[in-house]
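> sequence first, predicted model second:
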2 protein chains.
Amino acid sequence: MAMIKKLVIVGGVAGGASAAARARRLSEAAEIVILERGPYVSFANCGLPYHIGGEIEKRDALLLHTPDSLRARFNIDVRTQHEATAIDRAAKTVTVRNLQTGQEYIEQYDALILSPGAAPIRPPLPGIDDPRVLTLRNIPDMDRILAALDSGARRVSVVGAGFIGLEMVEALRHRGLEVTLIERDPQILTPLDAEMTGPLLETLHKQQVKLHIGDGLAAIVPQPQLQVVLASGVKVDTDLVVLSIGVRPENKLAQDAGLTLGVGGSIAVNAQQQTSDPAIYAVGDAVQVQHVVNDRPVVLPLAGPANRQGRIAADVIFGQQASYRGSQGTAICKLFEMTAGATGLNEKALKAAGMPYRKIYIHSNDHAGYYPGAKQISLKLLFAEDTGRVLGAQAVGESGVDKRLDVLATAIQARMTIDDLAEMELSYAPPYGSAKDPVNLAGMAAQNLVAGLSAFIESEELEAAVSAGAILIDLRQPGELKQGQIPGARNLPLPQLRTLAAELPKDVPLVVYCQVGLRGYIGQRYLQQQGWSVRNLNGGFRTWKMLQSTER
Amino acid sequence: MAMIKKLVIVGGVAGGASAAARARRLSEAAEIVILERGPYVSFANCGLPYHIGGEIEKRDALLLHTPDSLRARFNIDVRTQHEATAIDRAAKTVTVRNLQTGQEYIEQYDALILSPGAAPIRPPLPGIDDPRVLTLRNIPDMDRILAALDSGARRVSVVGAGFIGLEMVEALRHRGLEVTLIERDPQILTPLDAEMTGPLLETLHKQQVKLHIGDGLAAIVPQPQLQVVLASGVKVDTDLVVLSIGVRPENKLAQDAGLTLGVGGSIAVNAQQQTSDPAIYAVGDAVQVQHVVNDRPVVLPLAGPANRQGRIAADVIFGQQASYRGSQGTAICKLFEMTAGATGLNEKALKAAGMPYRKIYIHSNDHAGYYPGAKQISLKLLFAEDTGRVLGAQAVGESGVDKRLDVLATAIQARMTIDDLAEMELSYAPPYGSAKDPVNLAGMAAQNLVAGLSAFIESEELEAAVSAGAILIDLRQPGELKQGQIPGARNLPLPQLRTLAAELPKDVPLVVYCQVGLRGYIGQRYLQQQGWSVRNLNGGFRTWKMLQSTER
């Protein structure tokens, strides 16, 4: 490997800053230059909504490093407001424009790392360039939103219900503003499957957020009063629009330089983060990654991978063994008292990819129910029909969601199976978990399904089954029925099932359910062994209710 | 496999109750009998200290099932206060004594599951049988302690600083009592290594718990005033003694029946939970398990394994494929605001087993430092010198400890390496973690150690190194020094290191440290590349301080 005397890094936030710091630890001899178009380096972009909402009080808390601190600590030459405008691959040079003076100059490199990030999408709709239509990517964006709010904006329309959109909704409600959330897709938070977003929709309703789901932005009418016009024709009066409908890789520099691009306009890289030019590396939100679960090329803009990729690029450049193993889409979001997240592939993606899968829903307390403060976690587990390999997981609840997602993310990374989940030895004391953790329970329920002990019916199949003549039996205690009932159900509490089942006709298929699925399973095992044809509602009344919440 | 018409289970708590419920789901035809010596089945034994402390207000909350509820739900014949006194293996019968009537009878079985649990150790010391010397294993034990407290006990001595001992200390302090904690070993909570208990000792001091560590119980003097006498001769006046110095397997029934025993008097079983008699199974705290990390036979009385073993025994008996993969000692404890736990082998065990290992300390926030409420987690990672395999982990802190332990427990189960930890894609948003999670950081630090990038010195080696002439450099900012300094250190803040290092003599070995180790690593890399021989203090000032806390 040629000696690297000079490393130039384009982009000084997550991936670029990580690469620079790692590079210096590996080589005191190299000259390291960061070219950052914006006025700040190494800022906490994931913290922006929380400063808008007021949880993070001090703006300075978001500035993790300054050019001076990076120079003092790492002897890195940080040039903010310097934009790389072109790459001459043959000459190994970058053309740089000083955005403050307008001057251009040429910078030579031995190795070049591109960490340009991804830009918020601004669709070419009428009125979209109105100055009251803002996005949130960096500190100046945040400052603009705060200035608009300080100037008296009271009604804000958030367009796009992804992670940033939902975080913005919470931030704006914290400020006491009137918030409308607009999402073109028929569901919010598309990394999750629709039914798992039910509890989030309930939270949004409770927080008095006005929802327009399944109705996209069509136009912005700027006068006489700022108005958002939706595809359905609905008009929403508003003072400010925050666009959060997704991001696209900043690929212009790479594309102009003739580097190979990947899916969605991303920059294609190998496992060493090298682009099609071996002297040019790329990291972060702009690059293509392999999905860990099915090896397909995807773009997954996430902070963790960006930081790790930056470190790997520096390692490779300075002679360390390193390779990126792919991304798995682990992501999480706080929405008021709720937490929701996902890792691996969701059911929509598995269907689209034609991968055979089974699914299990578990609703289980985050810690022992007899210890105060227990909160229910709703967990969806997706696994391979043949091997039992864990393919994906989603969870939503008030507490302990992040822990179960991280355990399942680790399981996916290690290619573990449902048997492994059933056997996990997780930390248990009453304040932290249960002797059978929700992850164990999901594994055990999946084992029962695979072993043929448990026949499931899904919430979405229920209506058809009842129409076809199945008897629907609610196994809950009478006191639980006030939480709602599935239409057409007959209440037969589990403790009485053994004495009262004889009254049920033998030649009619049965569907049983309880609150979360466990008593349903017990009842199903009993009835099945007595000769009935019986299916248990996967995830019980709670899953059915979550699905209902998304359909109202 | 012979048809199992009748299953008898000895012991109706965790493992026994799990086995019974699983057995019924697998077979409606079988007769299932639970023989439980005590007055309760399926109670929450892990919840007992929390009812004593008052967090769990209602005693009934601890009774997860009653004989009636198990009969109604599962058609299980539950006989409390019935003790199995002998097994006739040839005849496949158990002798049962009805403890209320004194009557004995014979019960036939096709399969027998022993779930006898483990009994608190009561060492044969003078005065130990005083009625004011109590243990805590079950509901009647709890009732006795509560009765003693209700009768006016104000000063309580807890003997044994394991998980139950520490939970009892917290419970008793919650009640406002004067608590003395006595531990024969030179450290508390021996599943952790000594230095990791430093923050717990600080908490105990802060909570005004009187500590006698490294000083065992020698005698109880009952008159005129209950007094605990320690090995050192120290006498502690007390109203009540709670013994929590460990448990021993309840093996009498198995031993009398001639079943093979294992280490520490445990009942030996195979992976199908079968004892040396294939018709007799054993599960729970009384059985021997293989340690997942080094395959050695051990006894690890834990609730999670007990429950899973019960399920496995029922599976095997009723024809399902199942086997127990071993235990790894994952355990956790709440102590006031602190949480501490461990998984895998600790350093003491690795030394004792002669397994080559390396170690890393990390002190890192549970979530992004710029988001409110971040708390530091102290994490110790132990890994194999050659393969990088994770062998053990310990963590202590106020928040997020259980999550990291569970991720690391999963990593140990999956035989993951330090490289896998560095690459983990865990859920990140500012309220939940950091782009580089503490687990990632531990993996990365371990990689640096293995790659030779980072040379460490341990806290316990520091004094000798300085005596031998090494210069000790504190790289923290002057404002941090008020937290304490290591004697003999010279303060040279990292931002000034590049300009001031030239003043350091070149021929003297250097030792650098910062608060947690990261800036130490950066400084070490710089100095090393400039030609100095330099080592970084593993885990920084914080680890050194933790060790100090255990030595005062």
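Arrived safely. Numbering: from 1, shown residues only, chains lettered A, B, ... in the order given.
> how is A:Pro49 assigned, secondary-structure-wise?
helix (DSSP: H, G, I helix; E, B strand; the rest coil).
> what's the helix or strand for the residue nearest to it when sequence neighbours are not counted?
Closest residue to A:Pro49 apart from its sequence neighbours, by CB to CB, 6 or more residues apart in numbering or on different chains: A:Glu167 at 3.9 Å. In short, each C-beta sits where N, CA and C put it, glycine included. If you go by DSSP states H and E, A:Glu167 is part of helix A:163-174.
> name the helices or strands packed onto that helix?
helix A:48-53, strand A:155-159, strand A:178-183, strand A:240-243, strand A:331-335 (3 or more CB pairs under 8 Å, 6 or more residues apart in numbering or on different chains; DSSP states H and E).
> quickly run through the sheet partners of the last one, with directions.
Put plainly, it is strand A:331-335. Strand pairing for strand A:331-335, using DSSP bridges, gives strand A:338-344 (antiparallel).
> what's the answer for the fourth one, then?
Strand A:240-243 has these partner strands in its sheet, going by DSSP bridges: strand A:133-135 (parallel), strand A:155-159 (parallel).
> kindly provide the distance from the residue positioned nearest the centre of chain A to A:Thr343.
Compute the mean C-alpha point of chain A, and by CA atoms, centre = their mean the closest residue is A:Ala331, 3.5 Å away. Separation of A:Ala331 from A:Thr343 (CB to CB, to the nearest Å): 8 Å.
> which residues do the two both contact?
B:Ser427 (CB atoms under 8 Å, 6 or more residues apart in numbering or on different chains).
> how close does the residue nearest to A:Gly531 when sequence neighbours are not counted sit to A:Val534?
The shortest distance from A:Gly531 to any non-neighbouring residue, by CB to CB, 6+ apart, is to A:Lys506 (6.3 Å). Look at A:Lys506 and A:Val534: by CB to CB, they are 11 Å apart.
> in the stretch 251-400 of chain A, which spans are strands?
A:280-282, A:289-290, A:297-298, A:331-335, A:338-344, A:357-365, A:376-384, A:390-397 (DSSP state E, counting those that start in this stretch).
> chain center to the following helix or strand past the last one, what's the gap?
Scanning forward in sequence from strand A:390-397, with DSSP H and E defining helices and strands, the next element found is helix A:401-413. Distance of helix A:401-413 from the chain centroid (CA atoms, centre = their mean, to the nearest Å) equals 13 Å.
> angle of helix A:401-413 against strand A:331-335?
Note on geometry: by axes from the mean of the first three to the mean of the last three CA atoms, to 10 degrees, helix A:401-413 and strand A:331-335 are set 170 degrees apart in direction.
> what count of nearby residues applies to A:Asn294?
Counted by other CB atoms under 10 Å in any protein chain shown, the residues lying close to A:Asn294 total 15.
> now stretch A:209-225: mean pLDDT?
Averaging pLDDT along stretch A:209-225 gives 95.
> and what of stretch A:491-508?
On average, the pLDDT along stretch A:491-508 is 93.
> can you list the residues of the stretch 51-200 of chain A near chain B?
Proximity of the stretch 51-200 of chain A to chain B is confined to A:Glu55, A:Ile56, A:Ala61, A:Leu62, A:Leu64, A:Ser69, A:Ala72, A:Arg73, A:Phe74, A:Asn75, A:Phe163, A:Glu167 under the rule CB under 8 Å from any CB of the partner chain.
> Serialize those to JSON lines and add fields for secondary structure and pLDDT.
What follows is those, written out as JSON lines (DSSP: H, G, I helix; E, B strand; the rest coil; pLDDT from 0 to 100):
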{"residue": "A:Glu55", "secondary structure": "coil", "pLDDT": "96"}
{"residue": "A:Ile56", "secondary structure": "coil", "pLDDT": "97"}
{"residue": "A:Ala61", "secondary structure": "helix", "pLDDT": "95"}
{"residue": "A:Leu62", "secondary structure": "helix", "pLDDT": "96"}
{"residue": "A:Leu64", "secondary structure": "coil", "pLDDT": "90"}
{"residue": "A:Ser69", "secondary structure": "helix", "pLDDT": "93"}
{"residue": "A:Ala72", "secondary structure": "helix", "pLDDT": "92"}
{"residue": "A:Arg73", "secondary structure": "helix", "pLDDT": "92"}
{"residue": "A:Phe74", "secondary structure": "helix", "pLDDT": "95"}
{"residue": "A:Asn75", "secondary structure": "coil", "pLDDT": "95"}
{"residue": "A:Phe163", "secondary structure": "helix", "pLDDT": "97"}
{"residue": "A:Glu167", "secondary structure": "helix", "pLDDT": "98"}
